[in-house]
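**Q** Please find the sequence and the predicted model below.
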Amino acid sequence: MHNFLLPFLLFFSSAFLLFAESVQSYDWSKATELYPGILHAKVALEEPRLLKLNVVRIDLERPEIRFCCTPADPDWGKPMPDAPDHIIRTRRQTTVAFMQHARLPKDKGGLGLNMVMAVNATPWSPWRKPFNHKYSDNMGLVISNGKLVSAVNKRPSFVIYKNGEFAMQQLNEDSDLSSIELALTGFSFVLQDGVPRGDKALHPRTAYGLSKDKKYLFLLTVDGRQKNWSLGATTLELGEWLRQFGAWEGLNMDGGGSTSLACLLPGEEKEKIELLNRTGGGMRRVATNLGIYLHSENKE
């Protein structure tokens, strides 16, 4: 077990009675700093049911922290070989594989980025037997490095503008997309203007949150469908938890077996990327991932 995770496995029974008190908020001084500006909290709950949560808070005012997401596949726009009724947009990839590729030097075919964390993002189709399609389509708005990957739909998006502004908003066909650097679309708002909203179905979950002053981004995962470990959460609970962690706006992203939050473990002698959450059936190849990397002016 890694030392930086140990504190979180011990104290989260009484400390997180705060979730029953919506007026309270989480004390981030109790979290572990994985990297400057990137804090991690691991939460274990027994009420309202057995639950395991992971939440990461990212300081958006730190200039070295940058973001990227899955780009368009080289065969973008062609019919899928194994599902010709769909068009190729991206190539499905696990969140860990996404990080590994990003960290590879450019001369070895990678991106040459010091990526330290990644999380799954958009839903997609096709999702039908045998569930192992190589590519993905119908993800809602996806923009990677300023380039349109997938068209807008009627669902809200996490957006980073070229001027550095962050937003969670519903865009439409008339929206000007030319000013957007990155966009990833979820299922729905679970927190809007500080008000939680959602349904009561239990599933593993991935959610993104943004503070009211837009200083912090929150990445929240909830393990689910795992007896004696974690039973999953409702979308309403996602909104409530995001608010208590410090968010003002929040999106429910793709969840279920797609939920995955990966981290380059700090302090390891040998480079090691692991999931902070626990999946019920191994890592799933997903349509898109959001990556967080550390930029150095001295590194190309």
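**A** Arrived safely.
**Q** For the stretch 101-250 of the chain, just list every one of the helices.
**A** With DSSP state H, counting those that start in this stretch as the criterion, the stretch 101-250 of the chain has helices at 235-245.
**Q** Residue 32: neighbouring residues, count only.
**A** Close neighbours of residue 32, defined as other Cβ atoms under 10 Å, add up to 16. To be clear about C-beta, it is placed using only N, CA and C from the backbone, and glycine gets the same treatment.
**Q** what does residue 252 give?
**A** Counted with other Cβ under 10 Å, the neighbours of residue 252 add up to 28.
**Q** Run through the bridge partners of it.
**A** residue 188, residue 207 (DSSP bridges).
**Q** Hmm, residue 192 and it touching each other?
**A** No - with contact defined as Cβ atoms under 8 Å, residue 252 does not reach residue 192; the gap is 11.5 Å.
**Q** Please report the distance of the nearest residue in space to residue 187 that is not next to it in sequence from residue 118.
**A** Closest residue in space to residue 187, ignoring its immediate chain neighbours: residue 252 at 4.7 Å, by Cβ to Cβ, 6 or more residues apart in numbering. Residue 252 is 18 Å from residue 118, where distance means Cβ to Cβ, to the nearest Å.
**Q** if we can go back for a sec, which residues sit in contact with the residue nearest to residue 187?
**A** By Cβ atoms under 8 Å, 6 or more residues apart in numbering, the residues touching residue 252 are 186-190, 198, 205-207, 235, 238.
**Q** And residue 219, by the same measure?
**A** Contacts here follow Cβ under 8 Å, 6+ apart; on that basis residue 219 touches 55-56, 58, 117, 119, 206-209, 261.
**Q** for those residues, which one is nearest residue 228?
**A** Nearest to residue 228 among the contacts of residue 219, counting by Cβ to Cβ, is residue 261 at 21.1 Å.
**Q** The closest one: how many residues sit nearby?
**A** 21.
**Q** so where is this structure shaky, pLDDT-wise?
**A** Residues of the chain meeting the criterion pLDDT under 70: 1-24, 297-300.
**Q** which residue is nearest the middle of it?
**A** The chain has residue 119 as the residue nearest its centroid, 3.6 Å off, counting by Cα atoms, centre = their mean.
**Q** so what's that one bridging to?
**A** Taking DSSP bridges as the rule, residue 119 bridges to residue 261, residue 290.
**Q** got the contact list for it?
**A** By Cβ under 8 Å, 6+ apart, the neighbours of residue 119 are 56, 95, 206, 208, 219, 221, 253, 260-262, 289-290.
**Q** any idea how far it lies from residue 84?
**A** Residue 119 sits 31 Å away from residue 84, going by Cβ to Cβ.
**Q** cool, and residue 142?
**A** Per Cβ to Cβ, residue 142 is found 21 Å from residue 84.
**Q** neighbour-wise, which of those two wins?
**A** More crowded of residue 142 and residue 84, by other Cβ under 10 Å: residue 142, with 28 against 9.
**Q** Would you quantify the distance from that one to residue 113?
**A** The value you get for residue 142 to residue 113, if Cβ to Cβ is used, is 19 Å.
**Q** Tell me, how many residues neighbour residue 85?
**A** 9.
**Q** so when I look at it, I'm seeing a strand, right?
**A** Yes - counting by DSSP: H, G, I helix; E, B strand; the rest coil, residue 85 is found in a strand.
**Q** which residues touch it?
**A** Contacts were defined as Cβ under 8 Å, 6+ apart; by that measure residue 85 touches 79, 126.
**Q** Give the buried residues for stretch 130-148.
**A** Under the neighbour-count criterion of 16 or more other Cβ atoms under 10 Å, stretch 130-148 has 133, 135-144, 148 buried.
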